[in-house]
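1. using only what follows, build the 3D model:
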Amino acid sequence: MSERSDRDILTELGVEPIRKARTANTPREARIIAGFEDIQKFVEEHGRPPQHGEDRDIFERLYAVRLDRIRAQDECRDLLKDLDHQGLLSVAPDTATGEPNALDDDALLEALGVGPGEGNGITDLRHVKSQAERQAAEEIGDRKKCEDFGQFAPLFEQVRQDIRDGRRKTRRYARMAGIKQGEFFIVNGQIAYVAEVGEEFETRYDRRDSRLRVIYDNGTESDILLRSLQRALHRDETGRRVTDPDAGPLFDDEASVGGSETGTIYVLRSLSDHPEIASKRDVVHKIGVTGGDVDKRIAIADRDPTFLMAPAKVVATYKLVDVNRTALENLLHRFFGDARLDITISDRFGLPIRPREWFLVPLSVVDDVVRHLQEGKLHEFAYDPSTASLRRISD
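-> Next up is the predicted model:
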């Protein structure tokens with residue numbers, strides 16, 4: 001049996017080895033370490049090292065180039081070996097992408113504002129904002145004077161009056177709760193009105209986001225990202241959502257699901273021609289809760305395995321106020337768990353997918369469930385898939 005090192009023994013015992021103190025890093029070493037930490041964050045989020053290829057996100061391609069250059073230099077490997085808990089340095093550098101038309105390393109770095117002719121080209125960035133600077137700018141958005149503020153001023157006056165008269169309430173903003181066009185919020189002491197919500201797009205980490213036009217009661221506006229406004233509201237201890245004057249909560253007892261959040265219960269019917277779905281179309285429904293626009297969610301249903309890779313139509317929606325939509329969706333999915341549709345479909349890459357949000361439930365039963373939720377009596381019932389109906393639980 002081979003002799004085990006002290007590091008191996010410590011690892012088995014779950015003890016982190018104590019690293020020797022280093023002398024202060026030079027500016028160049030600090031840049032190399034920072035660049036390597038960016039790569040490590042990518043690996044943590046994606047579960048794999050960054051890869052080359054024109055079909056990859058431009059930042060992933062940058063990280064792949066950077067990792068290759070780090071691996072190829074003894075100086076860099078020696079500097080980073082104690083930080084390499086993911087084993088990234090043990091792989092030989094990728095010297096060819098296999099794509100003759102792809103940008104070479106220097107051209108790719110140049111396209112990103114990285115100077116290949118300065119230092120070793122790994123992290124010498126020219127005219128590129130730091131992550132903190134980019135995030136700060138994103139949080140604030142492009143704040144400027146609102147030239148047509150006159151048409152919004154009466155809205156702010158009415159909201160203030162509604163709050164004073166009690167027709168509207170201000171509620172603590174829940175983490176990453178929904179934001180819709182026409183809603184009012186209080187952030188950093190200012191009333192903010194969401195005048196426009198742009199087209200939804202996917203970020204480089206497979207998240208959805210939208211660019212907003214937000215008008216503030218001091219006569220300015222910004223083009224902040226939706227997720228950035230969510231974060232700003234959550235971090236602001238005084239951040240508030242201003243309720244609609246005619247909105248009533250779905251639940252009288254907020255503690256039944258916890259939190260303060262606004263959203264929509266939606267029920268979809270699939271238009272798939274899959275035999276198992278088509279033969280039961282009237283009872284196969286997707287039941288979910290969202291803080292966004294339901295119609296936007298199904299716009300690309302035919303390309304999304306979540307929607308069975310087929311068009312879908314909305315057959316029912318139920319508005320929510322002051323409800324934690326994640327907790328509510330989990331509750332609904334548990335309630336109908338025994339009736340979950342058991343089907344495997346192929347995504348657009350031919351990989352097998354088993355959707356988890358489709359159930360064999362008549363629409364009338366969903367209506368009854370929502371009514372019992374409103375009455376606070378859902379715990380008195382259970383769903384019986386054999387009869388496709390609710391039954392009262394015996395005391």
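
2. how far does stretch 144-155 stretch from one end to the other?
-> Taking C-alpha to C-alpha, to the nearest Å, stretch 144-155 runs 19 Å from one end to the other.

3. so what touches that stretch?
-> For stretch 144-155, the surrounding residues in contact (C-beta atoms under 8 Å, 6 or more residues apart in numbering) are 193, 195, 215, 216, 219, 220, 221, 222. All C-beta atoms are positioned from the backbone trio N, CA, C, and that covers glycine.

4. flag the shaky bits of this protein, pLDDT-wise.
-> The chain contains residues with pLDDT under 70 at 1-24, 54-55, 57-58, 92-142, 175-176, 204-206, 246-262, 322, 394-395.

5. quick one: the helices in it?
-> 6-12, 27-46, 58-71, 74-80, 105-111, 131-140, 153-165, 226-235, 275-278, 294-297, 325-335, 363-375 (DSSP state H).

6. save the ones you listed as JSON lines, and put in mean neighbour count and distance to residue 180 too.
-> Compiled in JSON lines, the helices of the chain are given as follows (neighbours: other C-beta atoms under 10 Å; distance: least, C-beta to C-beta, whole Å):
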{"stretch": "helix 6-12", "mean neighbour count": "11", "distance to residue 180": "50"}
{"stretch": "helix 27-46", "mean neighbour count": "16", "distance to residue 180": "28"}
{"stretch": "helix 58-71", "mean neighbour count": "21", "distance to residue 180": "30"}
{"stretch": "helix 74-80", "mean neighbour count": "15", "distance to residue 180": "46"}
{"stretch": "helix 105-111", "mean neighbour count": "17", "distance to residue 180": "37"}
{"stretch": "helix 131-140", "mean neighbour count": "12", "distance to residue 180": "20"}
{"stretch": "helix 153-165", "mean neighbour count": "14", "distance to residue 180": "15"}
{"stretch": "helix 226-235", "mean neighbour count": "19", "distance to residue 180": "10"}
{"stretch": "helix 275-278", "mean neighbour count": "13", "distance to residue 180": "31"}
{"stretch": "helix 294-297", "mean neighbour count": "15", "distance to residue 180": "11"}
{"stretch": "helix 325-335", "mean neighbour count": "18", "distance to residue 180": "13"}
{"stretch": "helix 363-375", "mean neighbour count": "16", "distance to residue 180": "20"}
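
7. just put those in a markdown table and tack on distance to residue 199.
-> Shown next, in a markdown table, are these (distance: least, C-beta to C-beta, whole Å):
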| stretch | distance to residue 199 |
| --- | --- |
| helix 6-12 | 48 |
| helix 27-46 | 25 |
| helix 58-71 | 21 |
| helix 74-80 | 41 |
| helix 105-111 | 25 |
| helix 131-140 | 18 |
| helix 153-165 | 24 |
| helix 226-235 | 11 |
| helix 275-278 | 29 |
| helix 294-297 | 8 |
| helix 325-335 | 22 |
| helix 363-375 | 30 |
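
8. how many other residues sit next to the nearest residue to residue 366 once chain neighbours are set aside?
-> Nearest residue to residue 366, sequence neighbours excluded (C-beta to C-beta, 6 or more residues apart in numbering): residue 267, at 5.5 Å. Neighbour count of residue 267, defined by other C-beta atoms under 10 Å: 20.

9. do residue 283 as well
-> With other C-beta under 10 Å as criterion, residue 283 counts 15.

10. that one contacts residue 389, correct?
-> No - applying C-beta atoms under 8 Å as the test, residue 283 and residue 389 come out as separate, 11.5 Å apart.

11. and the residue most central in space within the chain, what does it touch?
-> For the chain, the residue nearest the mean C-alpha position is residue 207 (4.4 Å; C-alpha atoms, centre = their mean). Contact analysis of residue 207 by C-beta under 8 Å, 6+ apart lists residue 227.

12. about what we covered before: which two of the contacts of stretch 144-155 have the greatest separation?
-> 195 and 219 (13.4 Å; C-beta to C-beta).

13. neighbour-wise, which of those two wins?
-> Set residue 195 next to residue 219 and count neighbours by other C-beta under 10 Å: residue 195 wins out with 17 against 14.

14. roughly how far apart are that one and residue 149?
-> Taking C-beta to C-beta, to the nearest Å as the measure, residue 195 falls 11 Å from residue 149.

15. now do the contacts for residue 329.
-> 288, 289 are the contacts of residue 329 under C-beta under 8 Å, 6+ apart.

16. again, only this time at 10 Å
-> 257, 263, 265, 287, 288, 289, 290, 357 (C-beta atoms under 10 Å, 6 or more residues apart in numbering).

17. quick revisit: out of the contacts of stretch 144-155, who's nearest residue 170?
-> Relative to residue 170, the closest of the contacts of stretch 144-155 is residue 193; by C-beta to C-beta it sits at 14.1 Å.

18. wait, the closest one touches residue 157, no?
-> No - Residue 193 is beyond contact range of residue 157, at 11.8 Å (criterion: C-beta atoms under 10 Å).

19. any common contacting residues for residue 195 and residue 149?
-> Counting by C-beta under 10 Å, 6+ apart, the contacts common to residue 195 and residue 149 are 215, 221.

20. how near is the spatially closest residue to residue 173 that is not a sequence neighbour to residue 370?
-> Excluding the flanking residues, the one nearest residue 173 by C-beta to C-beta, 6+ apart is residue 233, at 4.2 Å. Counting by C-beta to C-beta, the gap from residue 233 to residue 370 is 28 Å.

21. go on, residue 329?
-> Residue 329 is 13 Å from residue 370, by C-beta to C-beta.

22. for the two, list the residues in contact with both.
-> With contacts taken as C-beta under 10 Å, 6+ apart, residue 329 and residue 370 have residue 265 as neighbours in common.
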